[in-house]
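Q: Would you be able to build a 3D model of this:
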Amino acid sequence: MDTKTAQKLPAVIIPSAIDKHEIALIHQIGDQQSENDHKQLRADGHRVTFLQKDGLFEQAAPKLLSKIVELMRKTDDQHWKLIQHAIAEPDNVNYRVIEYHHYQTGGGLLNKHHFDGGSILTAVFMLSDPSKDFEGGQLMTWECDDTFKKYEVRQGDMLLFPSHKYHSVSTVTKGERYVLVIELWEGAKGTDGHRTGGFGHLIPAYGFNANSF
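A: Numbering: from 1, shown residues only. Prediction:
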């Protein structure tokens, strides 16, 4: 799908997609991997840890991952049918990346033309509580009328959208913001310690990740 077509498709919020126990499990996996992984992508106020590395997340939380992927597929079928109509091999759709994102004060993703090239669907799960954990850090998409659409999500909600839809995050002005990002693509399961099929592993540790949300 090209970016022009993707901008015409709406993003969808699924309330309470994951519960507090599942959020705690994600934090446990993500925080442990963050401590052990010295090759995380880092930028000012923003850290990304890749949980698909060597099948880590699938081994640690197989039921949760299966639930998430099924929810992404179901939501796509209800709204866009991209897996059914936009790719050559619908049976060869798997997770590409599973990313644990930690934003601190000053962190954000301000490029309004950022998109996840090569993927089909992108899901963002809000792990933090926006009502008390942080300020700013708002999910946004750049729309066809050249305006940002902002999304009010709560802890546990999923925002799902076609991966080629432009999306960004406003600057976190206070506190800390955690999200889990999962992308589905047409290809084998991602098991790299970087963005599978991308160039994140070539960016220095202090650099900006142009292909991660």
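
Q: Quickly note the distance from E135 to G45.
A: 13 Å (Cβ to Cβ, to the nearest Å). In short, each C-beta sits where N, CA and C put it, glycine included.

Q: Could I get the full set of helices for the chain?
A: For the chain, the helices defined by DSSP state H cover 3-7, 20-36, 56-60, 62-79, 82-85.

Q: residues in contact with the fourth one?
A: The one in question is helix 62-79. The contact list for helix 62-79, computed with Cβ atoms under 8 Å, 6 or more residues apart in numbering, reads 9-10, 12, 14, 17-18, 22, 25-26, 57-58, 82-84, 93, 95, 98, 120-121, 123, 125, 158, 160, 182, 184.

Q: Please repeat the previous calculation with a cut-off of 7 Å.
A: If you take Cβ atoms under 7 Å, 6 or more residues apart in numbering as the criterion, helix 62-79 is touched by 12, 14, 17, 22, 25, 57-58, 82-84, 95, 121, 123, 158, 160, 182, 184.

Q: same check, this time on the last one
A: The contact list for helix 82-85, computed with Cβ under 7 Å, 6+ apart, reads M1, R73, D76, D77, P90, V93, I120, L121, P162.

Q: Most neighbours among those, which one?
A: P162 (26 neighbours; other Cβ atoms under 10 Å).

Q: show me what contacts that one?
A: Counting by Cβ under 7 Å, 6+ apart, P162 makes contact with M1, A6, L9, W80, L82, L121.

Q: on that earlier part again, mean neighbour count, the helices of the chain: which tops it?
A: helix 56-60 (a mean of 18; mean count of other Cβ atoms under 10 Å).

Q: that older thread, kindly present the helices of the chain as a markdown table, with separate columns for mean pLDDT and distance to F50.
A: A markdown table is the format used below for the helices of the chain (pLDDT from 0 to 100; distance: least, Cβ to Cβ, whole Å):
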| stretch | mean pLDDT | distance to F50 |
| --- | --- | --- |
| helix 3-7 | 91 | 24 |
| helix 20-36 | 96 | 8 |
| helix 56-60 | 98 | 9 |
| helix 62-79 | 98 | 14 |
| helix 82-85 | 95 | 23 |
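
Q: Which of those sits closest to Y178?
A: The closest of the helices of the chain to Y178 is helix 20-36. By Cβ to Cβ, the value is 7.1 Å.

Q: how much distance is there from the closest one to the middle of the chain?
A: Mean-position distance between helix 20-36 and its chain equals 15 Å (Cα atoms, centre = their mean, to the nearest Å).

Q: Export that helix to PDB, keeping only CA atoms.
A: Output in PDB follows, covering the C-alpha atoms of helix 20-36 (Å, rounded to 0.1, in the frame of the first residue of the first chain):
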ATOM      1  CA  LYS A  20      -3.300  -4.700  33.900                       C
ATOM      2  CA  HIS A  21      -1.800  -8.200  34.400                       C
ATOM      3  CA  GLU A  22      -0.800  -8.300  30.700                       C
ATOM      4  CA  ILE A  23       0.600  -4.800  31.000                       C
ATOM      5  CA  ALA A  24       2.700  -5.800  34.000                       C
ATOM      6  CA  LEU A  25       4.000  -8.900  32.100                       C
ATOM      7  CA  ILE A  26       5.000  -6.700  29.100                       C
ATOM      8  CA  HIS A  27       6.800  -4.300  31.500                       C
ATOM      9  CA  GLN A  28       8.600  -7.300  33.100                       C
ATOM     10  CA  ILE A  29       9.800  -8.600  29.800                       C
ATOM     11  CA  GLY A  30      10.700  -5.100  28.400                       C
ATOM     12  CA  ASP A  31      12.500  -3.900  31.500                       C
ATOM     13  CA  GLN A  32      14.600  -7.000  31.800                       C
ATOM     14  CA  GLN A  33      15.600  -6.900  28.100                       C
ATOM     15  CA  SER A  34      16.300  -3.200  28.400                       C
ATOM     16  CA  GLU A  35      18.800  -3.900  31.100                       C
ATOM     17  CA  ASN A  36      20.500  -6.800  29.200                       C
END
